[in-house]
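Undergrad: Sequence plus the predicted model coming up.
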Amino acid sequence: MTPKALRVLFVGLRWDYKDPKRGSSFEYTNFWDSLRRMPGVDAHHFAFDDVEAAVGRDQMNKQLVNEVSNLEPDLVFFFLFENEFHASTLRSIAERTTSINWFADDHWRFATYSKKWAPFFTFVATTDNVAAERYPSVGCENVILTQWGCNHHLYAPVDIEEDLDASFVGQPHGDRRRMIDVLRKQGLEVSTWGFGWPEGRLSQEEMIDVFSRSRINLNLSNASKARSLRDLARLILPMRDGKRTLELREFPSRVWEQFAKRRDQVKGRNFEIPGCGAFLLTNRIPGLDEWYREGVELEAFGDSDELLAKANHYLDNSDERRRIARAGLERTLRDHTYEKRFDDLLRAMELR
């Protein structure tokens, strides 16, 4: 007899930062697309940004509760964005079935965001080992330490000519623009794409093509901060009923988070580029060696001098570069797909 499929309701954004002009959100492209393809999973999607835009925040909350009541899922899998949900909504769902939220930014907003919402879920997932140790102090014992990964259904090698020496896909925040300028002045041709660069944003398909076209794919420090007054307002003023609201009790810690030194973190790009069979040269992030072997499955650098030296070395040694890229692809498909991550989560929650 075929086992009954696990019914999962995924609650996440449809659009990047709720803006259809920016294209699909990260969680839609990676989490939802992986869940809907998983063997033994009957996946459903509640795109709360679309619903909220159509009927408002309060009605959206009611619709989610009704959806859970009608669907009777075994698991409600959240990927929260801001403060769109009422505490009562999350509490009622956790009382009805198993719920989990993947907290994506615990490296910098645990104190002002994650610890506030975590108690309303049956389980919480985090990629930050520091936060994993802090959750019990706010009453969350069911913490699962996980990591980003690769949606191997979308990220895959493309048979295309390598016509770019080096590329970087991502926004020019933090120290990234200065680093790119340094490399270019030293003679390394670096192509850039993303919001904030003159070349603009790439589509999903174009980005994957760029990974395969590039002899070297750069991943630069991702400890970003607000880049404008609008960004700062979004990060320090929480959303309440569709409006930015000043909360005096939280305001000092929110401001501090934006100006404090941030820890670099392993991110999705560290898995997506190897998942395309492409060569990755990334900043040396604490904990990355738990997932890939430096010099074997990817390469890493500590400063601009080491970055430039390694970039020139691998441009001159294509066989070595391609051998590392192949090893990175094999490791990704074996250990680092989102299907593997989600299967581990389900087992940890005793749902598998």
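TA: Now that the structure is in, tell me what you want to look at. Residues are numbered from 1 along each chain as shown.

Undergrad: Report the buried residues of the lengthiest helix in the chain.
TA: Taking residue count as the measure and DSSP state H as the definition, the longest helix of the chain comes out as helix 318-335. Buried residues in helix 318-335, counted by 16 or more other C-beta atoms under 10 Å: R321, R322, I324, A325, A327, G328, L329, R331, T332, L333. C-beta here means a position set from N, CA and C on the backbone, and glycine is covered the same way.

Undergrad: Then stretch 147-165?
TA: Residues of stretch 147-165 classed as buried by neighbour count (16+ other C-beta under 10 Å): Q147, W148, G149, C150, N151, H152, L154, Y155, A156, L164, D165.

Undergrad: closest to W197 among these?
TA: For W197, the closest of the buried residues of stretch 147-165 turns out to be L164, at 14.5 Å, with distances computed as C-beta to C-beta.

Undergrad: wait, what's in contact with that closest one?
TA: E189, S191, V210, R213, S214, R215 (C-beta atoms under 8 Å, 6 or more residues apart in numbering).

Undergrad: what's the helix or strand for the closest residue in space to the first one that isn't next to it in sequence?
TA: It stands for E189. Ranked by C-beta to C-beta, 6 or more residues apart in numbering and with sequence neighbours excluded, the top spatial neighbour of E189 is D165, at 4.6 Å. Element membership for D165 (DSSP states H and E) is strand 164-169.

Undergrad: Pairing partners for that strand, with directions?
TA: Each strand pairing with strand 164-169, determined using DSSP bridges, is listed with its direction: strand 190-193 (parallel), strand 214-219 (parallel).

Undergrad: and L202, which of those is closest to it?
TA: Going by C-beta to C-beta, the one of the strands paired with strand 164-169 nearest L202 is strand 190-193, 4.8 Å.

Undergrad: Just give me the neighbour total for the closest residue to G328 other than its chain neighbours.
TA: Nearest in space to G328, with sequence neighbours left out and distances taken as C-beta to C-beta, 6+ apart, is P274 at 3.2 Å. Applying the criterion other C-beta atoms under 10 Å, we find 31 residues in the vicinity of P274.

Undergrad: The one 5 residues further on now?
TA: Around F279 there are 26 other residues, counting by other C-beta under 10 Å.

Undergrad: got it, and R347?
TA: Every residue meeting other C-beta under 10 Å relative to R347 is counted, giving 11.

Undergrad: name the element it belongs to?
TA: Here R347 is assigned to helix 338-348, by DSSP H and E.

Undergrad: Give the buried residues for that helix.
TA: Counting neighbours by 16+ other C-beta under 10 Å, the buried set in helix 338-348 is Y338, E339, K340, R341, F342, D343, L345, L346, A348.

Undergrad: Nearest to N101, out of these: which one, please.
TA: Proximity of the buried residues of helix 338-348 to N101 (C-beta to C-beta) peaks at L345, which lies at 11.3 Å.

Undergrad: Distance of that closest one relative to F31?
TA: Counting by C-beta to C-beta, to the nearest Å, the gap between L345 and F31 amounts to 11 Å.

Undergrad: Also N101?
TA: The spacing between N101 and F31, counted by C-beta to C-beta, is 12 Å.

Undergrad: joint contacts of those two?
TA: Applying C-beta under 8 Å, 6+ apart, one finds that N101 and F31 are jointly contacted by F79.

Undergrad: helices or strands up against the helix or strand where R177 lies?
TA: Remark: R177 resides in helix 176-185, with elements defined by DSSP H and E. Contact partners of helix 176-185 among helices and strands, from 3 or more C-beta pairs under 8 Å, 6 or more residues apart in numbering; DSSP states H and E: strand 164-169, strand 190-193, helix 304-316.

Undergrad: Give me the average confidence score over that helix.
TA: Predicted confidence along helix 176-185 averages 94 (mean pLDDT).

Undergrad: got the contact list for that helix?
TA: Outside helix 176-185, the residues within contact range by C-beta under 8 Å, 6+ apart are A166, F168, G170, P172, V190, T192, L220, S221, S304, L307, L308, A311.

Undergrad: Need the three-state assignment for R201.
TA: coil (DSSP: H, G, I helix; E, B strand; the rest coil).

Undergrad: That one: how many residues sit nearby?
TA: Considering only other C-beta under 10 Å, R201 is surrounded by 17 other residues.

Undergrad: measure the residue nearest to R341 when sequence neighbours are not counted to S214 for me?
TA: Once flanking residues are discounted, R341 sits nearest to G149: 4.7 Å by C-beta to C-beta, 6+ apart. G149 sits at a distance of 21 Å from S214 (criterion: C-beta to C-beta).

Undergrad: tell me the contacts of the residue nearest the centre of the chain?
TA: Computing the C-alpha centroid of the chain and ranking residues by C-alpha atoms, centre = their mean puts G268 first, at 5.2 Å. Shown here is G268, whose contacts under the criterion C-beta under 8 Å, 6+ apart are F26, N30, W148, G149, C150.
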